[in-house]
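Asker: requesting a structural model of the entry that follows:
(2 chains)
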Number of protein chains: 2
Amino acid sequence: MSFTSQKLVIVGTGLLGASIGLAVKARGLAKHVVGCGRTETSCEAALRVGAIDAAGIDLASAAAEADFIVIAVPPFAVISYLESLSAFSLNGAVLTDVASTKRLICARAAQLWPSPRPFIGSHPMAGSEKSGAAHAVESLFVNRVCFVEDSEELAPEALQRVRSFWAALGSDVIPIDPAVHDEMLAISSHVPHIVAAAVAAMAHRHGITGRYVGGGFRDTTRIAEGNPEMWAEICLSNSTAITKHLEGVGEWLEEFRRALEAKDSARLTALLTEGRDGRRAIFPS
Amino acid sequence: MSFTSQKLVIVGTGLLGASIGLAVKARGLAKHVVGCGRTETSCEAALRVGAIDAAGIDLASAAAEADFIVIAVPPFAVISYLESLSAFSLNGAVLTDVASTKRLICARAAQLWPSPRPFIGSHPMAGSEKSGAAHAVESLFVNRVCFVEDSEELAPEALQRVRSFWAALGSDVIPIDPAVHDEMLAISSHVPHIVAAAVAAMAHRHGITGRYVGGGFRDTTRIAEGNPEMWAEICLSNSTAITKHLEGVGEWLEEFRRALEAKDSARLTALLTEGRDGRRAIFPS
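Answerer: As a prediction, the model looks like this:
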């Protein structure tokens, strides 16, 4: 199923929004690509790298003629944009987003629009610890998983259009229930991010410098460089699942600490073996 | 200061021991390189990859004619070998090791030998999540930091010989007090390892598969694949410092969890900013 658009609007032109623009333009998927931001300067970097053809700050006029709108901002900002968009006549435009959490966003969309709703949530598993359009990459979505909201209540046409959009960018589309998505991402993405931040913060507090650390520390803490404001929104928009899994990781660490105190070599080895075997099961060589 | 040896003995021919053998032979630093293991089969892989010229299981006869002995086994096994070696006449041989913790090992060496002692502790910051001589790499120590025990009580000749050995393998030698080393490594290496194991273990318990995880999870958990028995020994041999830093990371995570519960966006952002800025300070771009 091919994807084409007469006018594609990208709301938010940071790393992901600008990468979408570059990918859409490289593949000739849209006749016109418009970036929409809060201020006139916020789209300048995206214009400079050629990710969008034009920029605008008036959401209403951008949306009026658009047939596809991608909202590429953090979770609560997505909700805020959906609320604004729900006041407009969308003339059949299909909407999606790229936020890392889906439950709250999709639930709010269901409240805002009576069936059929024009918004289908997406989460492409692509990104970087870098931020901003200057770091945009045209191939960012190629061979990456893109989760797309799935439910029998959704309009098949909108669903198909969102799926074909991500497929056209080279992604592997995985339909998923928003709550299942958020539960899974809490342990596979959000908690690892928080833990990486904890390790980087504590190492810095204790005066560790780059000269004396190995590749293990470098890799383990890489994602801690992600944008703090964006990650605070991600965490707040998935707080129940994250709390549960932070507690799970905390209990594992507390068990490790107790085994260390008891000099229980067998228990320490068993816990480390669980970690090794878990990693191997997730990434079979 | 150049390094040469008539007979260099490597006790333990796993990834690090065999990599040392390959590096020594590639640089022509020793006339004869002998691997020493607990069983005849344990050195076979090292012989096969050409890391050693010969293998032996009799530590006494290997040590009798050696002028340099590297003990490349986990921390408590190092102590056990030092106890065995202290019963032999070493004829001026200099001894070192490669273990990730130094305080207990160096303290035991100081008990075993009246001044001047032949053992100087080392910790090359090189390794891999892989184990075994089959994964040995000749360039493993090039441009890596190698911590070498430093104290005014040590014999200058032995100290110089150990330092020149690592420099000859291409390492950047950093003299360090064993207790300072262990305190630093607890937060820069040991706790990150334990945390990576916790995240991998919990993700696997919750059914996460590789198809649905991103590069962040992959990097954050990479080191969890390290050998569990070896890492249990590392943790046990540095339990005081590790306990302290596990508690520090645990408190940071608990503060994060409380901020999440309170929906305290500013506090969450501040904690994540501490992580980001800490990472950036450790690895300035």
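Asker: contacting residues around A:Phe283?
Answerer: B:210, B:218 (C-beta atoms under 8 Å, 6 or more residues apart in numbering or on different chains). In this view, the C-beta of every residue, glycine as well, is placed from N, C-alpha and C.
Asker: pLDDT score for it?
Answerer: On pLDDT, A:Phe283 comes in at 95.
Asker: mind listing what the residue nearest to A:Ala72 when sequence neighbours are not counted touches?
Answerer: Closest residue to A:Ala72 in three dimensions, ignoring its sequence neighbours and counting by C-beta to C-beta, 6 or more residues apart in numbering or on different chains: A:Gly17, at 3.4 Å. By C-beta under 8 Å, 6+ apart, A:Gly17 lies in contact with A:10-11, A:35, A:46, A:51, A:70, A:72-73, A:98, A:133.
Asker: top of those by number of neighbours, please.
Answerer: Most neighbours among the contacts of A:Gly17, by other C-beta atoms under 10 Å in any protein chain shown: A:Ile10, with 32 neighbours.
Asker: show me the contacts for that one.
Answerer: A:17-18, A:20-21, A:33-36, A:46, A:51-52, A:69-70, A:72.
Asker: quick one: pLDDT of the residue nearest in space to the middle of chain A?
Answerer: Closest residue to the average C-alpha location of chain A: A:Ser100 at 3.2 Å, with C-alpha atoms, centre = their mean. In this model, A:Ser100 is scored at 96, pLDDT.
Asker: all strands for the stretch 151-285 of chain A, in order.
Answerer: A:172-176 (DSSP state E, counting those that start in this stretch).
Asker: does A:Ala186 really touch A:Ser239, like I thought?
Answerer: No - assessed by C-beta atoms under 8 Å, A:Ala186 is found out of contact with A:Ser239, at 9.3 Å.
Asker: who has more neighbours, the two?
Answerer: More neighbours surround A:Ala186 than the other of A:Ala186 and A:Ser239, with 26 against 20 (other C-beta under 10 Å).
Asker: tell me the pLDDT of the residue of the stretch 51-200 of chain A found nearest chain B.
Answerer: Nearest to chain B in the stretch 51-200 of chain A, going by C-beta to the nearest C-beta, is A:Ala197, at a distance of 2.6 Å. pLDDT, A:Ala197: 98.
Asker: what pLDDT does the closest residue to it other than its chain neighbours get?
Answerer: Spatial nearest neighbour of A:Ala197, excluding adjacent residues (C-beta to C-beta, 6+ apart): B:Gly275 at 2.6 Å. As predicted, B:Gly275 sits at a pLDDT of 98.
Asker: how about B:Gly275, what does it touch?
Answerer: By C-beta under 8 Å, 6+ apart, the contact set of B:Gly275 is A:196-201, A:221, A:224, A:228.
Asker: of all pairs in those, which one is the farthest apart?
Answerer: Across the contacts of B:Gly275, no pair lies farther apart than A:Val199 and A:Pro228, at 15.5 Å, counting by C-beta to C-beta.
Asker: higher neighbour count, these two?
Answerer: Taking other C-beta under 10 Å, A:Val199 and A:Pro228 do not tie; A:Val199 has more neighbours (30 against 20).
Asker: quick one: that one from A:Leu272, how far?
Answerer: 17 Å (C-beta to C-beta, to the nearest Å).
Asker: next: A:Ala60.
Answerer: From A:Ala60 across to A:Leu272, the span is 57 Å (C-beta to C-beta).
Asker: more neighbours: the two, which one.
Answerer: A:Leu272 (26 against 12).
Asker: which residues does the closest residue to the more buried one other than its chain neighbours contact?
Answerer: Leaving aside its chain neighbours, A:Leu272 sits nearest to B:Pro228 (3.7 Å; criterion: C-beta to C-beta, 6+ apart). Contact partners of B:Pro228, counting by C-beta under 8 Å, 6+ apart, are A:269-270, A:272-273, A:275-276.
Asker: what do you get for A:Glu251?
Answerer: With contact set as C-beta under 8 Å, 6+ apart, A:Glu251 has no partners.
Asker: list every C-alpha atom in stretch A:8-26, with coordinates, as PDB.
Answerer: C-alpha atoms of stretch A:8-26 as PDB (Å, rounded to 0.1, in the frame of the first residue of the first chain):
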ATOM      1  CA  LEU A   8       2.000  16.900   4.800                       C
ATOM      2  CA  VAL A   9       2.400  18.900   8.000                       C
ATOM      3  CA  ILE A  10       5.000  18.200  10.600                       C
ATOM      4  CA  VAL A  11       4.200  19.800  14.000                       C
ATOM      5  CA  GLY A  12       7.500  20.100  15.900                       C
ATOM      6  CA  THR A  13      10.700  20.000  13.900                       C
ATOM      7  CA  GLY A  14      13.300  18.600  16.300                       C
ATOM      8  CA  LEU A  15      15.400  15.600  15.600                       C
ATOM      9  CA  LEU A  16      12.400  13.300  14.800                       C
ATOM     10  CA  GLY A  17      10.200  15.800  13.000                       C
ATOM     11  CA  ALA A  18      13.100  17.000  10.800                       C
ATOM     12  CA  SER A  19      14.200  13.400  10.100                       C
ATOM     13  CA  ILE A  20      10.600  12.600   8.900                       C
ATOM     14  CA  GLY A  21      10.800  15.700   6.600                       C
ATOM     15  CA  LEU A  22      14.100  14.600   5.100                       C
ATOM     16  CA  ALA A  23      12.700  11.000   4.700                       C
ATOM     17  CA  VAL A  24       9.500  12.200   3.100                       C
ATOM     18  CA  LYS A  25      11.200  14.500   0.700                       C
ATOM     19  CA  ALA A  26      13.900  12.000  -0.300                       C
END
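Asker: could you give the mean pLDDT of that stretch?
Answerer: Stretch A:8-26 shows a mean pLDDT of 96.
Asker: cool, stretch A:136-150 as well?
Answerer: 96.
Asker: ditto for stretch A:33-53
Answerer: The average pLDDT within stretch A:33-53 is 90.
Asker: tell me the buried residues in that stretch?
Answerer: The neighbour-count check on stretch A:33-53 (16 or more other C-beta atoms under 10 Å in any protein chain shown) flags A:33-37, A:42-43, A:45-47, A:49-53 as buried.
Asker: what does that stretch rub up against?
Answerer: A:7-13, A:17-22, A:24-25, A:32, A:54-57, A:59, A:62, A:66, A:132-134, A:136.
Asker: picking up where we left off before, let me have the contacts of B:Pro228 in CSV, adding distance to A:Ile174 as columns.
Answerer: Formatted as CSV, the contacts of B:Pro228 follow (distance: C-beta to C-beta, whole Å):
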residue, distance to A:Ile174
A:Thr269, 36
A:Ala270, 34
A:Leu272, 32
A:Thr273, 31
A:Gly275, 26
A:Arg276, 27
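Asker: for A:Glu83, state which of these is nearest.
Answerer: The nearest member of the contacts of B:Pro228 to A:Glu83, counting by C-beta to C-beta, is A:Gly275 at 43.0 Å.
Asker: longest helix anywhere in chain A?
Answerer: The longest helix of chain A (DSSP state H) is helix A:239-261.
Asker: and the angle for that helix with helix B:239-261?
Answerer: 170 degrees (axes from the mean of the first three to the mean of the last three C-alpha atoms, to 10 degrees).
Asker: how far does helix A:239-261 sit from the chain's center?
Answerer: 25 Å (C-alpha atoms, centre = their mean, to the nearest Å).
Asker: and A:Arg211, what pLDDT?
Answerer: In this model, A:Arg211 carries a pLDDT of 87.
Asker: revised request: answer the last question for A:Ala155.
Answerer: According to the prediction, A:Ala155 has pLDDT 90.
Asker: and what of A:Met1?
Answerer: A:Met1 is given a pLDDT of 63.
Asker: contacts for stretch A:158-175, please.
Answerer: A:1-3, A:20, A:23-24, A:27, A:29, A:68, A:70, A:94, A:96, A:116-120, A:122, A:124, A:126, A:139, A:141-150, B:212.
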